[in-house]
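[1] Show me how the following folds:
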Amino acid sequence: MRDFKQLSNIRYLFHAHEVAAAKRSYYYLWWRYLRLSKNYWWLCRVKGDTVNLQFKSVYMDFGNVFEVSFADWWATHSKGLFALKMPEPTVRLMDSAVQYELSRYHMDDDFFKVAVPKHLTKTQILEQLAEALKFHEPSLLSDRFQSTSDVASTKGFKKHILNEAIRVWSLQQAINRHKIAGNLLRPERFTQLWIGKKLGLMRDEARSSGLRIKSEERQEQSIKVKVNRYISTVETLISNAERGVFPSSEKIPPAKLWGEGQFRAMNSAVAQGQWIPAETATKEIAGMLGLEQPAQDWLDAERESDLAVLLVDLEDQVFKKKLTIPQANELLQSRGYFLDVDDIPKLRSKSGADYFASALLSDAKNKRPSSDP
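    Down below sits the predicted model:
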């Protein structure tokens, strides 16, 4: 088991629970914003070949975020990146085991030693501890506990806003790409105001205005400003993610990342249409633009991966008799999957030693509860 400061429970017994918590955290947003970076996409294509050492170190830490699902990426990279090197220290009663641990890892300076008379009540102990420590100022957590990398200060950021900003940026990027390709009918109508209305920012703006009634013109202007602000925010967050800092709205000067030949090669690949951020090629965006929807997008792949991780965990819990099959099936159905744990061996046999998550999801979608009495 591993400890992660940004996860709601810090530590999870089962991998599927840990992945689910990670997808609610800033770690997931960091992964997603890095996947929006054209520069990082090219860095992965050339396997870390860059003239910028800081940029290269991000590649060495995060690896290729474009070729695998978040669950697969988390399984291989989270421990080295975000897990605490040692469990964060907590208040404990001093005994020989604790004393040995402090001595072995040279942690005496990281702890207070307090003498507590045994005849005192809990209330008296807490009152006297509070008095004894009233001038205490917490120190920084020792490097021996810290993870290799961690989320920056999240003050001023909200996860739902960062998610919403991605949707705005992605829709704008898709519009730009399809305009150049000549794929859009009446392309002049796809303005910032259209984006704001299509993504529901008009409703958000109306709610945030409370009892104040805005004229339609003023409301439309504020929507345009909001769309432009979101796009600018995403660009800044991407730039900072490229240097290994997230989330950060610090405006930084452009860094030199490529030699002349590398820069030309990247631009040539982009011009050939090789760079298409997955977030800009979703079924939702294709539907908004009146284009043919892809058979599968990255969100489908993420859902399939999540289901595969969940099924592996459930099968393991059933095998170890920590869950009964009915309990496992009930848990699956509570997540919206109508698939029996008994079906896993059958699904696995479809592809030999392993099984594809797409097969799992397909069976899960098609196997609905019977409406018969």
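
[2] C-alpha only now, for contacts and for neighbours.
    Noted.

[3] can you count the residues close to residue 52?
    Residue 52: 15 surrounding residues under other Cα atoms under 10 Å.

[4] Check the one 4 residues further on too.
    Neighbouring residues of residue 56 were enumerated by other Cα under 10 Å; the total is 23.

[5] Same question for residue 70.
    The burial count for residue 70: 20, using other Cα under 10 Å.

[6] do residue 37 as well
    19.

[7] And residue 3, its phi and psi?
    phi -110, psi 130 (degrees, to the nearest 10).

[8] can you pull the pLDDT of it?
    Here, the pLDDT recorded for residue 3 equals 87.

[9] Would you mind measuring from it to residue 13?
    The gap separating residue 3 from residue 13 is 11 Å, by Cα to Cα, to the nearest Å.

[10] can you check residue 195 too?
    Taken as Cα to Cα, the span from residue 195 to residue 13 is 42 Å.

[11] Among these two, which residue is more densely surrounded?
    A direct count of neighbours by other Cα under 10 Å for residue 195 and residue 13 places residue 195 higher, at 23 against 9.

[12] thought that one was touching residue 169?
    No. The pair residue 195 / residue 169 is not scored as a contact, 9.6 Å apart, by Cα atoms under 8 Å.

[13] Just give the number of residues close to residue 83.
    Neighbours around residue 83, by other Cα under 10 Å: 24.

[14] Identify the residues contacting it.
    Residue 83 is in contact with 2, 3, 4, 5, 147, 148, counting by Cα atoms under 8 Å, 6 or more residues apart in numbering.

[15] what are the bridge partners for the second one, then?
    In other words, residue 3. residue 11 (DSSP bridges).

[16] which residues of this protein score low on pLDDT?
    For the chain, the stretches with pLDDT under 70 are 1, 86-87, 141-147, 203-214, 338-373.

[17] and it, what are its domains?
    Following automatic domain parsing, one gets these domains for the chain: 96-132, 159-288, 298-366.

[18] With adjacent residues omitted, what lies nearest to residue 163?
    In space, and not counting its chain neighbours, residue 163 is closest to residue 29: 7.7 Å by Cα to Cα, 6 or more residues apart in numbering.

[19] hmm, I was thinking of residue 20
    residue 306 (7.9 Å).

[20] any idea how far the host helix or strand of that neighbour is from the chain center?
    According to DSSP states H and E, residue 306 maps onto helix 298-319. Here helix 298-319 is found 17 Å from its chain centre; the criterion is Cα atoms, centre = their mean, to the nearest Å.
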